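Asks: fold the stuff below for me.
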Amino acid sequence: MAKLLYKLGRWSFRRKWVVLVAWVIIIAGVGGSAGALQRGFNDIFNIPGTASEAAADSLVRNFPDQRNPLTSTGVTMVFAAPEGQRLDEPRYTEAIDRVIADIDEHVPGVIDRDRFGNPVRLNPKLQKAVIDQSVSAGLPEETAEADAENLALVSPDGRIGYTSFSLDVPLPADVTDEQRAAIRAAMDVGREAGLQVETGGPAFGDPLVIKSTSEIIGLGVAFLVLLFTFGSFIAAGLPLITAVVGISVGSSAILIATHFAPLNNVTPVLAVMLGLAVGVDYTLFILSRYRAERNHGHGRNSPEHAAGMAVGTAGSAVVFAGLTVIIALVALTMVRIPFLSWMGVSAAFTVAVAVAVALTLLPALLGLFGRFAFAGRVPGLGARRRPERDEGDSTEEGARKRSKGRSWVTFVHRAPALVLTVVVLGLSALSYPVLNLQMALPSDSTFSKSSTQRKSADLLAEGFGAGINSPFLMIIDAHDVDPDARILRPLVDAQRAGDPEGFNPVDAAAMASYAYVAQRYNTNPDIKHVQIIGLSEDMRAAQLLITPRSGPADPVTSQLLGSLRASDREIEDATGIDIGVTGLTPIQRDVTKKLAEAMPVYLAVVVGLAIVLLLVVFRSIMVPVIAGLGFLLSVGAAFGVTVLFWQEGLWGIVDTPAPIISFMPIFLIGVTFGLAMDYQMFLVTRMREHWIATGGKRTGGSRYNAVEESVIEGFSMGARVVTSAALIMIAVFAAFIDQPLPFIKIFGFALGAGVLFDAFFIRMSLVPAAMFLLGRATWWMPKWLDRILPTLDIEGAVLEEQFDGPRPAPVESAKVAADTRG
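Replies: Numbering: from 1, shown residues only. Below you'll find the predicted structure:
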């Protein structure tokens with residue numbers, strides 16, 4: 001592969017205009033196609049085959065006029081009078097009238113008006129209708145009144161009320177800015193009259209808007225880091241150009257994909273975040289190697305050859321590192337969650353584009369700038385030009401004076417046990433909060449406290465109880481009901497006695513099953529109320545509204561859902577009916593549970609993959625084991641600090657502590673794994689390169705043994721670039737904390753923390769410390785395993801031997817190398 005990449009790098013350098021024009025055509029073609037083919041993103045999180053989705057299908061089948069809860073476009077507007085006052089005071093009632101009239105007049109597409117209107121005026125009418133209908137159906141008056149009270153639009157103290165309606169659009173993501181603006185204008189009408197007016201619901205979530213400041217800040221910090229790395233304005237700008245090209249192509253391709261598949265609106269955000277980070281880093285690795293090759297003996301007068309060598313050597317590592325990220329992201333498909341699979345595939349495609357850009361566009365740009373590629377130098381910044389040996393120095397003492405990386409690794413060498421202990425104990429302590437991890441999908445209750453969505457949910461909970469924000473919709477399909485079911489007999493006999501002539505045993509059994517289920521679940525202490533709210537035209541299916549006592553993010557709500565389903569199976573076996581529970585909260589809880597169950601399996605897969613890949617690359621047993629265990633520590637610490645700040649609200653830094661978004665942990669595992677392998681590759685391959693070059697023997701005059709020397713020399717050569725790459729990634733991810741939507745903030749924070757812990761605590765501290773302690777066992781591998789594993793040339797050793805000649809090695813190098821494997 002190294003030879004092929006060498007040719008690609010030289011060709012791209014030489015045929016720079018062909019490459020540049022090709023990328024311009026690609027950008028224009030993909031961008032134009034995106035504009036023509038895109039169908040937009042949705043904001044639906046669902047998993048086919050879950051119990052809640054099966055119940056939603058039953059709802060649509062038995063009640064064709066009703067929508068699937070997943071596609072609900074409902075809006076709930078909440079009114080609150082000042083403390084100590086009531087909504088039925090004339091001035092507030094009239095103010096609500098004006099708000100409702102404004103919605104009627106200016107909000108386009110208002111439908112589902114059964115509960116739409118001034119709650120003060122509408123509530124008595126609705127309650128009377130519920131009582132009359134229930135009593136006429138044979139329910140006791142006490143039950144009818146309880147049902148009416150549960151559907152009340154005004155709180156018992158009269159201070160809080162609400163109205164609801166839907167918008168005539170296919171999905172919540174299709175709500176227009178015009179509709180949102182009209183609703184907000186209507187809210188202002190009530191606020192001007194002294195009311196608190198807040199609005200939430202699936203159709204009134206904030207549209208997914210990405211502030212351009214995040215990309216600007218990320219790129220700005222990246223530029224500063226690159227400027228310190230290269231000391232040149234032009235060199236610092238090249239990785240930014242390639243990164244922007246990569247995310248432009250990747251983002252446009254994702255837009256095209258919306259024509260063929262339903263993509264969640266989080267998908268492009270994560271792809272851009274990751275593509276921007278790796279796009280800068282991969283170019284940085286190759287550009288750094290190009291600089292070294294340009295100042296090498298044969299490369300100084302041959303920039304074309306230097307470009308080929310950079311792509312053939314560092315480019316090989318980039319391809320392998322990118323491949324590990326891509327595999328980790330594509331592996332998300334194994335959990336069989338469609339929206340998560342598309343997130344992984346989309347992000348993986350963006351990473352693949354970043355790799356392609358680094359391998360072709362960068363050498364073309366180097367050819368374009370020629371000798372000016374490192375022009376615009378800033379005095380005092382960047383590596384010294386003579387000798388250009390930040391990637392290794394002719395004298396150990398000279399390198400120590402110039403390299404902070406060497407200073408750090410020699411410090412680790414002096415106290416490896418201390419460094420190892422501090423890192424393991426420190427990251428383990430930071431991982432402890434993971435035990436309290438709570439997960440949920442975005443809802444009104446997880447918005448920031450300053451948002452109208454969160455305020456509406458809080459007002460509803462205050463006035464009507466927390467369960468009003470987490471209703472369950474139970475669908476009972478009684479088409480196969482058993483008319484002889486023993487548990488239904490008392491209710492069936494009562495119907496027979498009431499109407500012996502018109503009695504139909506199957507119809508009676510169906511009605512009895514609805515009443516039995518409602519009665520049974522009304523005794524559950526975690527349920528506030530259960531009531532029948534609808535019957536199908538053939539009377540063989542019913543809808544039951546179950547109002548929990550707990551809110552949507554409360555663990556008690558999840559436990560209640562589980563206990564209901566366990567009881568449902570028992571009732572189904574006894575009666576022959578089919579019972580399902582759906583609604584937005586059950587659907588979200590099912591998705592969250594599925595993701596939680598998939599996470600350990602996925603974690604095992606990526607750790608196993610890491611060990612196998614590193615076995616092949618490094619021909620060592622212990623290096624992959626150290627890398628895998630280190631990855632677990634870093635990802636655990638990233639989870640832990642995320643839970644501490646964003647869920648538990650440590651120090652009050654986060655405005656609205658809330659459960660972590662459900663798909664963040666599994667996605668964080670995939671991304672952190674890929675990036676961890678990047679840093680492992682670029683650092684440890686340098687160490688192994690030195691070990692093999694010296695044949696496992698220390699060089700003359702060195703005060704270190706062979707293993708120590710390989711670790712110190714390899715670390716010194718790679719530390720500067722890896723440090724720059726990690727700082728850039730942290731900056732890019734952290735910049736997204738500035739986004740308005742909470743789940744994007746959390747992703748930026750968690751990914752930044754993951755890179756911080758893995759790059760600086762694991763790869764740059766724990767790994768060298770463990771290698772110092774292991775000694776020669778670091779590079780040991782059984783002979784039989786070495787024979788069966790394929791050989792990969794990640795650092796382009798074949799190229800270096802071809803152009804530099806055979807690597808100098810002691811006479812006994814072959815024997816020593818064999819001993820290390822035996």
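
Asks: which residues does stretch 476-489 contact?
Replies: Residues from elsewhere that reach stretch 476-489 (Cβ atoms under 8 Å, 6 or more residues apart in numbering): 58, 62, 492, 505-506, 508-510, 512-514, 516-517, 540-544, 571, 574-580. C-beta: built from backbone N, CA, C; applies to glycine.

Asks: one more pass at 6 Å, please.
Replies: Counting by Cβ atoms under 6 Å, 6 or more residues apart in numbering, stretch 476-489 makes contact with 58, 505-506, 509-510, 512-514, 516, 540-542, 574-579, all of which sit outside it.

Asks: from those, which ones fall inside helices?
Replies: When the contacts of stretch 476-489 are checked against helices (DSSP state H), the matches are 58, 505-506, 509-510, 512-514, 516, 574-575.

Asks: from those residues, which two are the most distant?
Replies: For those, with distances taken as Cβ to Cβ, the pair at the greatest spread is 58 and 505 (23.4 Å).

Asks: of the two, which one has the most company?
Replies: residue 58 (18 against 14; other Cβ atoms under 10 Å).

Asks: OK, contacts around the more buried one?
Replies: Listed by Cβ under 6 Å, 6+ apart, the contact partners of residue 58 are 475, 477, 580.

Asks: what pLDDT does it get?
Replies: What the model reports for residue 58 is a pLDDT of 91.

Asks: rewinding a little: among the contacts of stretch 476-489, which ones are buried?
Replies: Burial by neighbour count, 16 or more other Cβ atoms under 10 Å: within the contacts of stretch 476-489 this picks out 58, 506, 509-510, 512-514, 516, 540-542, 575-579.

Asks: for residue 612, state which of those residues is nearest.
Replies: With Cβ to Cβ as the yardstick, the closest approach to residue 612 among these comes from residue 58, at 44.6 Å.

Asks: could you find the closest non-adjacent residue to that closest one?
Replies: Nearest in space to residue 58, with sequence neighbours left out and distances taken as Cβ to Cβ, 6 or more residues apart in numbering, is residue 475 at 4.6 Å.

Asks: and the one you found, helix, strand or coil?
Replies: For residue 475, the secondary structure call by DSSP: H, G, I helix; E, B strand; the rest coil comes out as strand.

Asks: quick check: it vs residue 410, distance?
Replies: Shown here: residue 475 relative to residue 410, a distance of 68 Å by Cβ to Cβ, to the nearest Å.

Asks: got it, and residue 760?
Replies: Relative to residue 410, and taking Cβ to Cβ, residue 760 is found at 17 Å.

Asks: so where do the strands sit in the chain?
Replies: Assignment of strands within the chain using DSSP state E yields the ranges 74-80, 110-111, 160-167, 196-200, 439-440, 472-477, 527-535, 541-548, 578-582, 660-661.

Asks: and the second one, average pLDDT?
Replies: When you say that, I think you mean strand 110-111. Averaging pLDDT residue by residue across strand 110-111 gives 90.

Asks: the third one now?
Replies: Strand 160-167 shows an average pLDDT of 94 in the prediction.

Asks: now what about it, what contacts it?
Replies: 73-80, 87, 109-112, 115-116, 119, 153-154, 175, 179, 203, 459, 463.

Asks: residue 768: neighbour count?
Replies: A count of nearby residues for residue 768, using other Cβ under 10 Å, gives 28.

Asks: isn't it right next to residue 713, touching?
Replies: No: checked against Cβ atoms under 6 Å, the pair residue 768 and residue 713 is beyond contact range at 11.5 Å.

Asks: sketch out the low-pLDDT regions of the stretch 151-300 of the chain for me.
Replies: Per-residue confidence for the stretch 151-300 of the chain (pLDDT under 70) gives these ranges: 206-212, 296-300.

Asks: before we move on, back to that, among the contacts of strand 160-167, name the buried ones.
Replies: Neighbour-count burial (16+ other Cβ under 10 Å) applied to those gives 73-80, 87, 109-110, 112, 115-116, 119, 153-154, 175, 179, 203, 459, 463.

Asks: coming back round to it: scan the contacts of residue 58 and report the most crowded one.
Replies: Ranked by neighbours (other Cβ under 10 Å), those are led by residue 475, which has 26 neighbours.

Asks: list the contacts for that residue?
Replies: Going by Cβ under 6 Å, 6+ apart, residue 475 touches 55, 58-59, 580.

Asks: and which of the residues you listed is nearest residue 158?
Replies: Proximity of those to residue 158, judged by Cβ to Cβ, is greatest for residue 59, which lies at 33.9 Å.

Asks: and the residue nearest to the closest one when sequence neighbours are not counted, what are its bridge partners?
Replies: Spatially, and ignoring its direct neighbours in sequence, residue 59 is nearest to residue 475 (5.0 Å; Cβ to Cβ, 6+ apart). For residue 475, the residues forming beta bridges with it (DSSP bridges) are residue 543, residue 580.

Asks: show the pLDDT at residue 475.
Replies: Each residue has a pLDDT score; the one for residue 475 is 94.
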